[in-house]
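J.: sequence? don't have it. structure:
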């Protein structure tokens, strides 16, 4: 099994850290993992994206043209990566700020209103965990317990008190994710 | 304690240096490798092992701090990215001339000039052909995973001390910035006693003084010194070539690639074989010494080679020298920080080698 | 009287330091470089620290320092002696480390390394030979060449477009990392005695671990100045010393204020 994922959005949305938590969860499950960010000035507020690969086998290229899953958090990223999803693959997006909706009919498209939900629950910082939860509902490639272990590994100890909130956010994401209706 | 961690290549190399018992690191920040110095500082490397970590005022100063510290026989390293490594070339020539072991990391970015900060392999010539003035070579190791960023640190120090020669780890922005699972090796304690007879420590009574220099105004002496250096480089070629052959046994076409390009070619091998093309990958791990013999042997039984590198075609020259006209050797690469995709690589194999 | 009756231990008034070997200095007759190297040797011998000293040579007239001194010496590339000394001292903090540099090395090509080693307060001794000219390469202009000074690359005299002579000791004294900064000369016996005391102080300071000691020697370069040794010394007194006045500039980390 190999899952090749692109996560893309604005810098500050937690794109890179979501990828890191996913990668750490893979390690907890004895998988091979690779996390390849776009880096540079983009880190400072512009668009940010990260490729995450989880596999049972040695991972070859960290740089990919097409993905099993695209997790999309802004319009620019949707425009850029919608066509990079493999036929039959998954596109998961948050419709907040999206004006041009996804078009493809040869892939599965799901929507998670994570930004709205995070704001309503006053857990804005756990926005990316709601998205992660939605993804894991659709592709349960790592178990929730291993995600929590991944969180423990990737968060500095001073932030460990937030793990409960993050867990709640992941569960909430699993609950609210919906197939997108054209 | 050996342990598994998710790390960036740049972090892994710093952690490996701490664990390898490095005695000193001198460096200057530059993207995309600033995490190296940041990691040493954040991890309190000095508290952990007593190693010296110092942010120098420039790459020029860094390499000469390395030169001074290395002359004491200790394990010393620096790191930088392309423009900074250019500034270090004079120092590397002096280190090679004075026969001082040390470890230098280059996380290559797009060039020439200020270029950009995306992955590139445009510094190959500079790395394997000397780089600075005079006839000399560096031992050049090319990691293609975060695991190798860690594993090559003790290896590079061993080779550097074995030959009294600077060793270079030639990485690229992708290997430096990506995170992978790393199995960290057991820490090696720092050496408490320096046994290198050439190392300066203050002239001891009854012993001759030690001089570290690359100067000899007598041209006959200088020629002799050069012959000694060349003999060392031949010994490296004889004894310390490293490479990985992936699916080469039944291959008709061979990709030759190192670093991140080798990772991309691994995928390209898979894609090519799905299309019925018997492709394989020869991945040089040491770029100097280069796996010439292995390529020459392959040349006797394959139909062609495609050198895949993030440059206008540098390593391809060494592949051509090794293949020596027996079969077709072509180059495919992107430049300026663009990374080729596995699809492009397969397409290039078809258009440049197979369908010609 | 037979000569062997004179050569007796009790008649000994001067002996070459054992830290210097028997090789003949390659300096021009009358040059200050040899005197400074002799002083370094004497100070090291008198402090009995030969086995704890690592010297750093540079590029310029002092490039062959390792030939004449019975000390472990690392020779640096042009301008980089302060960085090389930093590297050695940082990994061998218990050793005495000194650099020996000329004005081109320390104040032109190596200004950055010099300033930053001083600013970090590296616990080393920097020895600076200022003769206002590039001696080894044949008398070209130095950053310390005086206004109007004729050199191979300023044959009609140094003018403003070529920059101004730089008083490095005064520059580095301003940096918090320097503990002791002094300017000395070695062209009269009295000056040599004084200079040796200053040099000894600069080495003793390394024991205190308080920062960098910087000893400038204003010397002649009779070949480069195209003067006889005696005339060169007179020119030194008349022109160099008024611009580069002798004395301590900073002691125990405090700039010396001179009453006028």
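T.: Nice, I can see it. These numbers were taken from a predicted model, which means no experiment stands behind them. Numbering: from 1, shown residues only, chains lettered A, B, ... in the order given.
J.: May I have the residues that are in contact with the residue nearest to residue B:178 when sequence neighbours are not counted?
T.: Of all residues not flanking residue B:178 in the chain, residue A:36 sits nearest, at 4.3 Å (CB to CB, 6 or more residues apart in numbering or on different chains). Where C-beta positions appear, they are placed from N, C-alpha and C, glycine not excepted. Residue A:36 is in contact with A:50-53, A:62-63, B:174, B:177-179, counting by CB atoms under 8 Å, 6 or more residues apart in numbering or on different chains.
J.: pull the helix or strand with minimum mean pLDDT from chain A.
T.: helix A:144-154 (a mean of 91; mean pLDDT, DSSP states H and E).
J.: Please enumerate the helices of chain B.
T.: Assigned by DSSP state H, chain B shows helices spanning B:9-19, B:35-42, B:45-49, B:59-70, B:82-97, B:124-128, B:146-163, B:173-177, B:219-239, B:259-274, B:292-299, B:315-323, B:342-349.
J.: Now do the same contact list for residue 174.
T.: Using chain A. Going by CB under 8 Å, 6+ apart, residue A:174 touches A:133-134, A:136-137.
J.: nope, chain C
T.: Counting by CB under 8 Å, 6+ apart, the residues that residue C:174 touches are residue C:255.
J.: Okay, it and chain A: tell me how far apart.
T.: 36 Å (CB to the nearest CB, to the nearest Å).
J.: hmm, back to that, dump the helices of chain B into a markdown table; add distance to chain A as well.
T.: Conversion of these to a markdown table gives the following (distance: least, CB to the nearest CB, whole Å):
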| stretch | distance to chain A |
| --- | --- |
| helix B:9-19 | 10 |
| helix B:35-42 | 10 |
| helix B:45-49 | 18 |
| helix B:59-70 | 20 |
| helix B:82-97 | 14 |
| helix B:124-128 | 19 |
| helix B:146-163 | 8 |
| helix B:173-177 | 5 |
| helix B:219-239 | 28 |
| helix B:259-274 | 4 |
| helix B:292-299 | 21 |
| helix B:315-323 | 18 |
| helix B:342-349 | 5 |
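J.: Just put these in CSV and tack on mean pLDDT.
T.: Formatted as CSV, the helices of chain B follow (pLDDT from 0 to 100):
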stretch, mean pLDDT
helix B:9-19, 98
helix B:35-42, 97
helix B:45-49, 97
helix B:59-70, 98
helix B:82-97, 98
helix B:124-128, 98
helix B:146-163, 98
helix B:173-177, 96
helix B:219-239, 98
helix B:259-274, 97
helix B:292-299, 98
helix B:315-323, 98
helix B:342-349, 96
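J.: Neighbours of residue 20, how many?
T.: Assuming you mean chain A. Here the count is done by other CB atoms under 10 Å in any protein chain shown, and residue A:20 has 23 residues near it.
J.: The chain in question should be chain C.
T.: By other CB under 10 Å, 20 other residues sit near residue C:20.
J.: same question, the one 4 residues further on
T.: Residues within reach of residue C:24, counting by other CB under 10 Å, total 7.
J.: and if you look at the one 4 residues further on?
T.: Residues near residue C:28, counting by other CB under 10 Å, number 17.
J.: residue ranges for the strands of the chain, please.
T.: Because you didn't say which chain, this covers chain A. Applying DSSP state E to chain A gives strands spanning A:2-10, A:32-37, A:47-55, A:67-72, A:85-93, A:108-111, A:178-179.
J.: should've been chain C
T.: Secondary structure of chain C by DSSP E: the strands cover C:53-57, C:72-75, C:96-102, C:125-130, C:133-134, C:140-141, C:178-185, C:212-218, C:247-251, C:254-255.
J.: Indicate which one of those strands is closest to chain B.
T.: Of all these, strand C:72-75 sits nearest to chain B, with 4.0 Å by CB to the nearest CB.
J.: In its sheet, which strands sit next to that closest one, and in what direction?
T.: Strand C:72-75 has its sheet partners listed here by DSSP bridges as strand B:211-212 (parallel), strand C:53-57 (parallel).
J.: Contacts only, for the residue sitting furthest away from the middle of chain A.
T.: Among the C-alpha atoms of chain A, the one farthest from their average position, using CA atoms, centre = their mean, is that of residue A:158, at 23.7 Å. Residue A:158 makes no contacts at all, as judged by CB under 8 Å, 6+ apart.
J.: tell me the domain ranges of chain B?
T.: As assigned by automatic domain parsing, chain B contains the domains B:3-184, B:243-354.
J.: got JSON lines for the ones you listed, with mean neighbour count too?
T.: As requested, these are exported to JSON lines (neighbours: other CB atoms under 10 Å in any protein chain shown):
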{"stretch": "domain B:3-184", "mean neighbour count": "24"}
{"stretch": "domain B:243-354", "mean neighbour count": "21"}
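J.: could you measure the spatially closest residue to residue A:112 that is not a sequence neighbour against residue C:205, distance?
T.: Leaving out its chain neighbours, the residue that sits closest to residue A:112 by CB to CB, 6+ apart is residue A:134, at 3.7 Å. Look at residue A:134 and residue C:205: by CB to CB, to the nearest Å, they are 66 Å apart.
J.: give me every residue that touches the residue in the stretch 101-250 of chain C that chain B sits nearest to.
T.: Using CB to the nearest CB, residue C:116 is the residue of the stretch 101-250 of chain C that sits closest to chain B, at 4.0 Å. Each residue near residue C:116 by CB under 8 Å, 6+ apart is listed here: B:56-57, B:61, C:82.
J.: same question, residue A:108
T.: By CB under 8 Å, 6+ apart, the contact set of residue A:108 is A:88-91, A:138, A:179.
J.: So what pairs up with it in the strands?
T.: Bridge pairing for residue A:108 - DSSP bridges - gives residue A:90.
J.: Could you list the low-confidence segments of the stretch 1-150 of chain C?
T.: Along the stretch 1-150 of chain C, segments meeting pLDDT under 70 are nowhere present.
J.: hang on, the earlier thing: which one of residue A:134 and residue C:205 has more residues nearby?
T.: Counted by other CB under 10 Å, residue A:134 and residue C:205 do not tie: residue A:134 has more neighbours, with 28 against 20.
J.: Surely the more buried one is in contact with residue A:179?
T.: No: Residue A:134 is beyond contact range of residue A:179, at 11.4 Å (criterion: CB atoms under 8 Å).
J.: Give me the common contacts of those two.
T.: With contacts taken as CB under 8 Å, 6+ apart, residue A:134 and residue A:179 have residue A:110 as neighbours in common.
J.: Residues of the stretch 51-200 of chain C that sit close to chain B?
T.: Contact residues (CB under 8 Å from any CB of the partner chain) of the stretch 51-200 of chain C with chain B: C:51-54, C:56-57, C:63, C:66, C:69-77, C:80, C:83-92, C:95-96, C:112-113, C:116.
J.: quick revisit: what's the most buried one of the strands of chain A?
T.: strand A:67-72 (a mean of 25; mean count of other CB atoms under 10 Å in any protein chain shown).
J.: can you tell me the distance between the two ends of stretch A:95-102?
T.: Counting by CA to CA, to the nearest Å, you get 10 Å between the two ends of stretch A:95-102.
J.: quick revisit: okay, angle between the least confident helix or strand of chain A and strand A:32-37 too, please.
T.: Interaxial angle, helix A:144-154 versus strand A:32-37 (axes from the mean of the first three to the mean of the last three CA atoms, to 10 degrees): 50 degrees.
J.: where does helix A:144-154 sit relative to the chain's centre, distance-wise?
T.: Taking the mean of its C-alpha atoms, helix A:144-154 sits 15 Å from the chain's own mean (CA atoms, centre = their mean, to the nearest Å).
J.: got it, and stretch B:300-319?
T.: 18 Å.
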